[in-house]
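J.: sharing a sequence plus its predicted fold:
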Amino acid sequence: MAEPQSVWLVDEPTPKSAPLASDVTADVCVIGGGIAGLTAAYRLQDVGRSVLVLDAREPGGGETAFTTAHLTWELDDRFSRLAEVRGDEVAKAAAASHRRAIDDIERVARAEKFDCDFVRVDGYLFPGLDGTKALDEEREAVRRLGLEHEEVASVPLARRPGLRFPGHARFHPVKYMNGLVAAVRRRGGQVHGGTRAVKIAGGDQCRVELEDGSAVTAKAVVVATNAPFEAGLTLHLRLAAYTTYALALPVPANTVPDALYWDTEDPYHYVRLLPTAGRGADLLIVGGEDHKTGQASDQDERWGRLAEWARGLVPAAGEPAYRWSGQVFETADGLGLIGAAPWGKNVYVITGDSGMGLTHATLGGRLVADLIAGRENPLAAVYDPGRWTPAAAFELMKENANVAAQYADWVTGGEVNSPDQIPPGHGAIIRRGLTKVAVYRREDGSLCERSATCPHLGAIVRWNPGEQTWDCPAHGSRFTCEGKVLHGPAVSALEKVE
């Protein structure tokens, strides 16, 4: 099977962006150069704010580039679930907000004249091996809520009864983000890559401290980093980090109906088409096999099961051409945490994508821009990061009990007794006295040893053999095989072992 690589980054590289070289001042500092941060910057320019966008890597090279690029208003966690825990009016508002987000993406792409392969398609929900109960519940919910849908006797790809939802879309996420970067710069904004923010102080004048010791002063800060840092336990108790997997398999051109597809299994599967005109084959993009980040070590088997499931739908599908994974941050009710942060005056967050990252990011950018501009927005209460949802309390307690259980790794033994037991290209945890060490053996046989303690909140990291990373099973931080930060909420590397 192919080495891990996102299909979106193959022939559409992210733009090079120079690091911020000195202290600077702006109306708003946006931390995170994915679709959430770039959309927020673009919308803030609409209301007359000067913006500075910072990304620890390259803008567009984060989690947005590791999605399957579904643009959907049918919720991943289902309207039946949302209506149960938040009520019908919130469910209706959520549907409308995601539909508007899809419309916004289309409008921006047209207005700014960049081609991001945006195409309107239908979305289909069909039952999996779990039977029809979940589908029946969703049918009843969308019917009661008055959401546009149609019952169909045979979903095109799945060939079984299901629900059709119009008004969805697909696009190329990196092309769209590259267009946003260009648009923000053309309108006077600054966008910098290779610039890691490590600390935020809110206030009438906010201060963002950077890894190199310089700082940004701004009237407001937007944290759009997928997983927020500097949040302490306040926000992390409301988020659960999951890893999801994706494959792109070649299929004969024009044989798979162009639409979005999801089944009702838990974890569910999600499918879309990437037409590749002139290459003799389309690509079928299939996702699923989710698990809590850092709490599985069978990545190859998960990709393998996805390929097997895909061939059950499309027997002519070939061997996977690309495979990758992404991170999803779930909330108790399935809606994002968007708005004023529970800490820090004039600090705002866009997080908790709950599998709807592209539309949550887009509506989130508009919402925080309105809040910063002092405009009323009826979605503020729907997505309030500080909201309390009693009906979803059990789900919240279950996720936090899982997080607490991960700290038991502090008192367990190591995975191996000696580095000699680690083959080249692999890693393992070794106990040395009261500490644990993350040991990686390079292909040349030399060792890289780092503290196994995640610098975020102290959980013990675990080796991910599928992607050769160290993953934190508590809050989702990820590190390279040599300990450098790949994904927050951690902002510093695994410490060197003396």
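T.: Great, that's in hand. Numbers count the residues shown, from 1 in each chain.
J.: so which residues of the protein form helices?
T.: Under the criterion DSSP state H, the chain contains helices at 35-46, 79-86, 88-112, 133-145, 173-186, 232-236, 299-313, 357-373, 379-382, 393-406.
J.: and the residue nearest to Pro465 when sequence neighbours are not counted, how far is that from Val184?
T.: The spatially closest residue to Pro465, leaving aside those adjacent along the chain, is Ser297, at 6.0 Å (Cβ to Cβ, 6 or more residues apart in numbering). C-beta here means a position set from N, CA and C on the backbone, and glycine is covered the same way. As judged by Cβ to Cβ, to the nearest Å, Ser297 and Val184 stand 40 Å apart.
J.: who has more neighbours out of those two?
T.: Here Ser297 and Val184 are set side by side on neighbour count (other Cβ atoms under 10 Å), and the busier one is Val184, at 26 against 14.
J.: does the more buried one really touch Leu38, like I thought?
T.: Yes. If you go by Cβ atoms under 8 Å, Val184 and Leu38 touch, sitting 6.4 Å apart.
J.: need the residues touching each of the two.
T.: The contact sets of Val184 and Leu38 overlap at 53, 191 (Cβ atoms under 8 Å, 6 or more residues apart in numbering).
J.: now for the nearest residue to Leu180 once chain neighbours are set aside, how many residues are close by?
T.: Ranked by Cβ to Cβ, 6+ apart and with sequence neighbours excluded, the top spatial neighbour of Leu180 is Leu38, at 4.0 Å. Using other Cβ under 10 Å, Leu38 has 32 other residues around it.
J.: out of the helices of the chain, deepest packed?
T.: Mean neighbour count, computed with mean count of other Cβ atoms under 10 Å, is highest for helix 35-46 among these, reaching a mean of 27.
J.: show the residue spans covered by the strands in the stretch 101-250 of the chain.
T.: In the stretch 101-250 of the chain, the segments counted as strands under DSSP state E, counting those that start in this stretch are 119-126, 150-152, 162-170, 190-192, 197-201, 206-210, 215-226, 240-252.
J.: most tightly surrounded among these?
T.: Across the strands of the stretch 101-250 of the chain, averaging neighbours per residue (mean count of other Cβ under 10 Å) puts strand 215-226 on top, at a mean of 24.
J.: tell me what it is packed against?
T.: For strand 215-226, the contact count by 3 or more Cβ pairs under 8 Å, 6 or more residues apart in numbering; DSSP states H and E identifies strand 24-31, helix 35-46, strand 51-54, strand 197-201, strand 206-210, strand 347-351, helix 357-373 as packing neighbours.
J.: quick one: strands adjacent to the third one?
T.: The one in question is strand 51-54. Sheet pairing for strand 51-54, assigned by DSSP bridges, gives strand 24-31 (parallel), strand 190-192 (parallel).
J.: rewinding a little: among the strands of the stretch 101-250 of the chain, which comes closest to Thr64?
T.: Evaluated over the strands of the stretch 101-250 of the chain, closeness to Thr64 peaks at strand 215-226, with 8.6 Å, by Cβ to Cβ.
J.: what's the average pLDDT for stretch 94-109?
T.: In this model, stretch 94-109 carries a mean pLDDT of 98.
J.: Provide the backbone phi and psi angles at Gln468.
T.: With angles defined as degrees, to the nearest 10, Gln468 sits at phi 50, psi 60.
J.: what about the closest residue to it other than its chain neighbours, distance to Ala428?
T.: In space, and not counting its chain neighbours, Gln468 is closest to Cys481: 4.8 Å by Cβ to Cβ, 6+ apart. Distance, Cys481 to Ala428, using Cβ to Cβ: 12 Å.
J.: do you know the pLDDT at the residue nearest to Pro465?
T.: Listed pLDDT for Ser297 reads 93.
J.: domain ranges for the chain?
T.: Split into domains by automatic domain parsing, the chain comes to 7-66+174-238+333-399, 115-171+239-327, 412-487.
J.: mind putting the ones you listed into TSV with distance to Ala91?
T.: Shown next, in TSV, are the domains of the chain (distance: least, Cβ to Cβ, whole Å):
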stretch	distance to Ala91
domain 7-66+174-238+333-399	10
domain 115-171+239-327	6
domain 412-487	27
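J.: figure out which of those domains is closest to Arg100.
T.: Relative to Arg100, the nearest member of those by Cβ to Cβ is domain 7-66+174-238+333-399, separated by 6.7 Å.
J.: and the end-to-end length of the closest one?
T.: 31 Å (Cα to Cα, to the nearest Å).
J.: ok, stretch 383-395 next?
T.: The first and last residues of stretch 383-395 sit 18 Å apart, counting by Cα to Cα.
J.: now do the buried residues in that stretch.
T.: Buried positions in stretch 383-395, judged by neighbour count with 16 or more other Cβ atoms under 10 Å: 383, 385, 387, 389, 392, 395.
J.: thinking again about what came up before, and the strands paired with strand 51-54: which comes nearest Gly304?
T.: Distance to Gly304, taken as Cβ to Cβ, is lowest for strand 24-31 among those, at 37.0 Å.
J.: so for the closest one, what gets flagged as buried?
T.: In strand 24-31, counting by 16+ other Cβ under 10 Å, buried: 24, 26-31.
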